[in-house]
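J.: this one's sequence-less:
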């Protein structure tokens, strides 16, 4: 019989394999399944748009991660005509104005 730890490890592996092979989009996972994705995996491999689509399903502990917050798209400074005119909004970590605010204690 599998221990609780073994069950979690199998579920994490299955979820990540399904996502990496593009068999399932990240937004198709339930909140229950998303909690089995390691936070470091989400911080490193998930694009800003994918992250935005699953934000409401993430556990509260994940939403407190400063790195995840910086990976969200920056709609505050998007298309103001000053820093970016066309294209998708950059993640907050790549937005010049957000970067200035972060260092000012934002």
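T.: Structure's in. What do you need? These figures come from a predicted structure and were not determined experimentally.

J.: Which parts of this structure belong to which domain?
T.: 1-63, 73-106 (automatic domain parsing).

J.: Name the surrounding residues that touch the lengthiest helix in the chain.
T.: Longest helix in the chain, counting residues (DSSP state H): helix 4-20. Under the contact criterion Cβ atoms under 8 Å, 6 or more residues apart in numbering, helix 4-20 has outside partners 2, 24-26, 29, 33, 36-38, 41. Backbone N, C-alpha and C define where each C-beta goes, glycine included.

J.: try it again with 10 Å
T.: 1-3, 23-26, 28-29, 32-38, 41, 45-46, 50 (Cβ atoms under 10 Å, 6 or more residues apart in numbering).

J.: Likewise for stretch 26-43?
T.: 7-16, 18-19, 24, 44-47, 49-54, 56-59, 61-62, 64-68, 70-71.
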